[in-house]
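In: heads up, no residue letters with this:
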């Protein structure tokens, strides 16, 4: 129901794309009934592009549930499963995926991101993991150097993994989970509306409550 609420908001705001920065599903082992329920809910976004990144719970392994979502005969053409690092242009902006192809990686999943050249289009990186100032050991898996991403000329870094909505920097946010997934989560149940006027502009970020 909350996914459908997000779709209603996306249509109302006339967004160019909806980004889910990993952990679309809790596990790659989910069954066909759960998969069909998700597919039915995702129909509500059509024709808005829905960009789905593999996270640590639904990593892009051979059994990745997102592959099953994409490969079914009733696949919806507005759903884009980001299983590689190829940039994707949507609505005049460039999206740079950083998918987790394994549940845990030691190398920074954003390390492949290129520096800005003369590109005037907004550049959005999408990644899943912790960040260096989370008071985590740098040897922990899936650690992202967000400052390096910003220094490479990205206008926005959409992060997944942390379940509460959190601002890291003017250009870096965790949107958080759209529903509480456990007790005492800090500010879960939101989505972020991100507006970028042009490449190099600071994003305007508005928090919208979607959970009841």
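Out: Great, that's in hand. None of the values given here were measured: they were computed from a predicted structure. Numbers count the residues shown, from 1 in each chain.

In: let me see the contact set for the residue nearest the centre of the chain.
Out: Taking C-alpha atoms, centre = their mean, the centroid of the chain lies closest to residue 21, which sits 1.7 Å from it. Contact partners of residue 21, counting by C-beta atoms under 8 Å, 6 or more residues apart in numbering, are 53, 55, 126, 127, 128, 158, 159, 160, 161, 175. In short, each C-beta sits where N, CA and C put it, glycine included.

In: any idea which helix or strand carries the nearest residue to residue 57 once chain neighbours are set aside?
Out: Once flanking residues are discounted, residue 57 sits nearest to residue 23: 4.5 Å by C-beta to C-beta, 6 or more residues apart in numbering. Here residue 23 sits in a region with no helix or strand, counting by DSSP states H and E.

In: and for residue 23, the neighbour number?
Out: Neighbour count for residue 23, taken as other C-beta atoms under 10 Å: 21.

In: correct me if wrong: residue 95 contacts residue 16.
Out: No. When contacts are counted by C-beta atoms under 8 Å, residue 95 is not listed as touching residue 16 (10.0 Å).

In: residues contacting residue 69?
Out: Taking C-beta under 8 Å, 6+ apart, we find residue 69 in contact with 24, 35, 38, 39, 52, 75, 79, 81.

In: so what's residue 99 closest to, chain neighbours aside?
Out: Closest residue to residue 99 apart from its sequence neighbours, by C-beta to C-beta, 6+ apart: residue 54 at 4.5 Å.

In: ok so that neighbour is a strand residue?
Out: No. Residue 54: not assigned to a strand; according to DSSP: H, G, I helix; E, B strand; the rest coil it is coil.

In: look up how far residue 118 lies from it.
Out: 31 Å (C-beta to C-beta, to the nearest Å).

In: same question for residue 108.
Out: From residue 108 over to residue 118 the distance is 26 Å, taken as C-beta to C-beta.

In: more neighbours: those two, which one.
Out: Neighbour count, other C-beta under 10 Å: between residue 108 and residue 118, residue 108 has more, with 20 against 5.

In: look up phi and psi at the residue nearest to residue 57.
Out: When read as degrees, to the nearest 10, the backbone of residue 23 gives phi 60, psi 50.

In: who touches it in this structure?
Out: Contact partners of residue 23, counting by C-beta under 8 Å, 6+ apart, are 55, 56, 57, 58, 128, 160, 161, 177.

In: same check on residue 85?
Out: Contact partners of residue 85, counting by C-beta under 8 Å, 6+ apart, are 96, 97, 98, 99, 112.

In: for the residues you listed, which one is nearest residue 203?
Out: Closest approach between these and residue 203, by C-beta to C-beta: residue 96, at 15.1 Å.

In: doesn't that closest one belong to a helix?
Out: No. Going by three-state DSSP, the assignment for residue 96 is strand, not a helix.

In: pretty sure it is touching residue 89, no?
Out: No. Checked against C-beta under 8 Å, the pair residue 96 and residue 89 is beyond contact range at 10.6 Å.

In: those two: who's more crowded?
Out: residue 96 (22 against 9).

In: which residue sits closest to that one, ignoring its sequence neighbours?
Out: Distances taken as C-beta to C-beta, 6+ apart put residue 125 closest to residue 96, at 4.7 Å, once the chain neighbours are dropped.
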